[in-house]
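Visitor: Give me a 3D structure for the following:
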Amino acid sequence: MFAVLIDACPFQFCGGSLLRVSSFARFAAVAVATGSLAGAQAGAQAHGAAPPVVFTRVSVIPMDREVVLTGQTVIVANGRITYVGRPRAVPTGATVVDGRGKFLMPGIAEFHAHVPSGGQSAHTHRTLELYVLAGVTTARGMLGAPMHLALRDSIARGQVLGPRLITSGPSFNNNSVTSPEQAAAMVRAQKDAGYDLLKIHPGVPRAAFDSLARTANRLAIPFAGHVPLDVGLDAAITARYSTIDHLDGLIEAMYAGPGPLTAQRNGFFGLGIVGQLDQSRFQGIVDRVRASGVAMVPTQILLDNYANDATGDELTSLPEMRYWVPQQVLSWRNTKNNLLSEARVSREQRLEHIAVRRRFIKALYGAGVPFLLGSDAPQLWNVPGFSAHRELVALVAAGLTPYQALLTGTVSVAKHMKEEGRAGIVRSGARADLILLDANPLADIAHSMRISGVVVNGRWIGSAERERMLARLASP
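Guide: Okay, the predicted model is just below:
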């Protein structure tokens with residue numbers, strides 16, 4: 001599995017090498033050299049200094065219920081929504097946005113995000129700006145580095161434009177933790193450093209994982225990510241994962257083939273074993289996951305694109321590709337074309353992989369398992385921000401309604417973060433993270449990409465400014 005990911009995405013963990021950047025100062029120096037930090041800071045404002053923003057005659061999708069409230073006035077000030085209701089007087093000095101024919105909903109979360117670091121820091125602000133301009137106002141970074149701690153705080157202070165950042169530390173994997181003692185020490189170090197969570201990659205030995213889980217639970221720092229084959233789904237959910245990402249471990253839990261399940265045999269998230277599954281185990285897996293309380297971050301668009309019939313040329317002709325690094329887009333194109341030419345993976349196998357995953361998504365969601373939106377950007381064919389909307393489409397294709405899909409990136413994330421009622425909704429007192437749309441996404445989930453403007457941490461980026469910023473990011 002990793003061979004493909006490493007070749008395709010230089011921002012992913014590679015061969016166990018932990019990223020180490022000493023400080024935000026080093027990060028800033030790299031960014032200034034490329035001109036990206038100056039551009040981002042010029043656009044960023046501390047939300048307390050920004051004038052109020054008033055949306056008039058707008059249709060509101062509050063997301064705490066499936067309804068559209070027409071003819072609303074929404075006022076944003078000091079990073080919070082201060083009013084939602086019938087028309088009222090506009091505060092002096094406010095920026096007024098005519099919302100006729102438009103729909104205002106909460107900003108969405110990307111709960112399996114990546115933020116470039118180390119040798120890729122030149123792309124950090126491109127990534128952050130793309131998240132924001134696509135309406136991603138919260139991002140959970142799933143491969144952290146020391147620079148992300150300072151970056152997280154700078155974004156929160158309004159000094160750097162970006163989504164609210166939640167960050168893991170460097171990953172736990174077969175190179176970084178090979179013993180229980182190493183695992184416990186690494187947990188303590190990341191807790192002391194101030195990371196928000198721990199990232200689990202494949203390859204962690206069972207004894208090291210058990211030590212990791214015990215220490216993390218004792219110190220109250222969540223852990224999330226992959227399910228190592230040596231651990232398996234049942235041990236993972238018993239150990240109290242915060243989230244299982246990519247639906248990792250679910251297909252593997254149905255494996256009934258000859259011989260032990262190895263990484264080579266398993267392939268890309270179970271693609272290699274879809275013809276060797278015991279389907280009678282399916283409902284039991286759903287029931288055990290539901291009882292555990294663990295949340296799922298399926299990143300289905302990543303797996304759909306990996307296994308579907310779309311060519312590399314088709315995937316990289318999507319309009320958002322012009323905003324990403326050209327050599328990376330070329331690599332993504334070649335990766336998919338090479339995958340389609342591999343004789344060892346049949347078309348039937350690929351399409352069955354998609355079908356099994358969609359069946360899990362529909363059944364788990366229907367059983368009440370929490371789902372959180374994540375696409376794994378910037379990863380294969382996933383441009384930051386835009387791929388979160390592609391993930392919404394993938395969830396609907398798996399059987400969720402548009403409203404249910406949108407919940408995974410709004411209300412459900414707020415509930416997971418213990419911010420229910422204070423984030424992920426359009427309500428007085430909630431965080432001022434909003435998307436203004438030209439069409440209703442409850443009618444067609446693809447409308448979530450018809451963005452007219454965004455509010456991030458109280459700062460309004462209107463249509464004209466957004467288009468200018470995107471044009472600056474576009475490849476010539």
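
Visitor: all helices of the stretch 1-150 of the chain, in order?
Guide: 2-8, 24-34, 36-43, 124-133, 146-156 (DSSP state H, counting those that start in this stretch).

Visitor: If you average pLDDT over each of those, which is lowest?
Guide: Note on the helices of the stretch 1-150 of the chain: lowest mean pLDDT is at helix 2-8, with a mean of 29.

Visitor: At which residues are the strands of the stretch 1-150 of the chain located?
Guide: Secondary structure of the stretch 1-150 of the chain (DSSP state E, counting those that start in this stretch): strands located at 53-60, 69-77, 80-85, 95-98, 103-106, 108-113, 136-141.

Visitor: what sits up against the third one?
Guide: Read that as strand 80-85. With C-beta atoms under 8 Å, 6 or more residues apart in numbering as the test, strand 80-85 has contacts from 52, 60, 62, 69, 72-76, 426-432, 434, 458. Every C-beta, even on glycine, is put in place using the N, C-alpha and C of the backbone.

Visitor: follow-up on the earlier one: winner for burial among the strands of the stretch 1-150 of the chain?
Guide: Burial of the strands of the stretch 1-150 of the chain is given as mean neighbour count (mean count of other C-beta atoms under 10 Å); strand 108-113 ranks first at a mean of 30.

Visitor: Distance from it to the middle of the chain?
Guide: Put simply, strand 108-113 sits 2 Å off its chain's centre (C-alpha atoms, centre = their mean, to the nearest Å).

Visitor: Kindly report the same for stretch 266-281.
Guide: Remark: stretch 266-281 is offset 25 Å from the chain centroid, using C-alpha atoms, centre = their mean.

Visitor: neighbouring contacts of it?
Guide: 1, 4, 229, 246-248, 250-257, 261, 264-265, 303, 306-307, 345, 349-350, 352-353, 356.

Visitor: Show me just the buried residues among these.
Guide: Buried positions within the contacts of stretch 266-281, assessed by neighbour count (16 or more other C-beta atoms under 10 Å), are 1, 229, 246-248, 250-255, 261, 265, 303, 306-307, 345, 349-350, 352-353, 356.

Visitor: Tell me where the model's unsure across the protein.
Guide: For the chain, the stretches with pLDDT under 70 are 1-49, 119, 476.

Visitor: which ones are touching Arg290?
Guide: Leu364, Ala367, Gly368, Val369.

Visitor: try 10 Å
Guide: Ile237, Ala363, Leu364, Gly366, Ala367, Gly368, Val369, Pro370 (C-beta atoms under 10 Å, 6 or more residues apart in numbering).

Visitor: Leu250 now?
Guide: 227, 233, 244, 269-270, 282, 285-286, 289, 296, 298, 356-357, 360-361, 364.

Visitor: List just the nearest of those residues to Arg422.
Guide: Met296 (23.3 Å; C-beta to C-beta).

Visitor: number of nearby residues for the closest one?
Guide: As a burial measure, Met296 scores 23 neighbours (other C-beta atoms under 10 Å).

Visitor: Which residue, other than its chain neighbours, is closest to it?
Guide: Phe371 (5.3 Å; C-beta to C-beta, 6 or more residues apart in numbering).

Visitor: quick revisit: just the contacts of stretch 266-281: which are in helices?
Guide: Counting by DSSP state H, the contacts of stretch 266-281 place Val4, Gln264, Arg265, Leu303, Tyr306, Ala307, Gln349, Arg350, Glu352, His353, Val356 in helices.

Visitor: Touching, the fourth one and Asp376? I think so.
Guide: In this case it means Leu303. Yes - applying C-beta atoms under 10 Å, one finds Leu303 in contact with Asp376, separated by 9.4 Å.

Visitor: Name the residues contacting each of the two.
Guide: In contact with both Leu303 and Asp376: His246, using C-beta under 10 Å, 6+ apart.

Visitor: Please name the residues that touch the residue nearest to Pro180 when sequence neighbours are not counted.
Guide: Excluding its sequence neighbours, the residue lying closest to Pro180 (C-beta to C-beta, 6+ apart) is Ser211, at 3.5 Å. By C-beta under 10 Å, 6+ apart, the residues touching Ser211 are Val177, Ser179, Pro180, Glu181, Gln182, Ala183, Ala184, Ala185, Met186, Val187, Val204, Pro205.

Visitor: quick one: which of those residues sit in helices?
Guide: Per DSSP H, the contacts of Ser211 map to helices at Pro180, Glu181, Gln182, Ala183, Ala184, Ala185, Met186, Val187.

Visitor: Can you turn the buried part of these into a ChimeraX selection?
Guide: Remark: buried members of the ones in helices among the contacts of Ser211, expressed as a ChimeraX selection using 16+ other C-beta under 10 Å:
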select :180,183,184,186,187
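
Visitor: Switch the ones in helices among the contacts of Ser211 over to a markdown table; also include distance to Leu149.
Guide: Below are these laid out as a markdown table (distance: C-beta to C-beta, whole Å):
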| residue | distance to Leu149 |
| --- | --- |
| Pro180 | 26 |
| Glu181 | 25 |
| Gln182 | 22 |
| Ala183 | 21 |
| Ala184 | 21 |
| Ala185 | 19 |
| Met186 | 16 |
| Val187 | 16 |
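
Visitor: that older thread, return the subset of the contacts of Leu250 lying in strands.
Guide: Ile244, Met296 (DSSP state E).

Visitor: Which of the contacts of Leu250 fall within helices?
Guide: If you go by DSSP H, these have Leu233, Phe282, Ile285, Val286, Val289, Val356, Arg357, Phe360, Ile361, Leu364 in helices.
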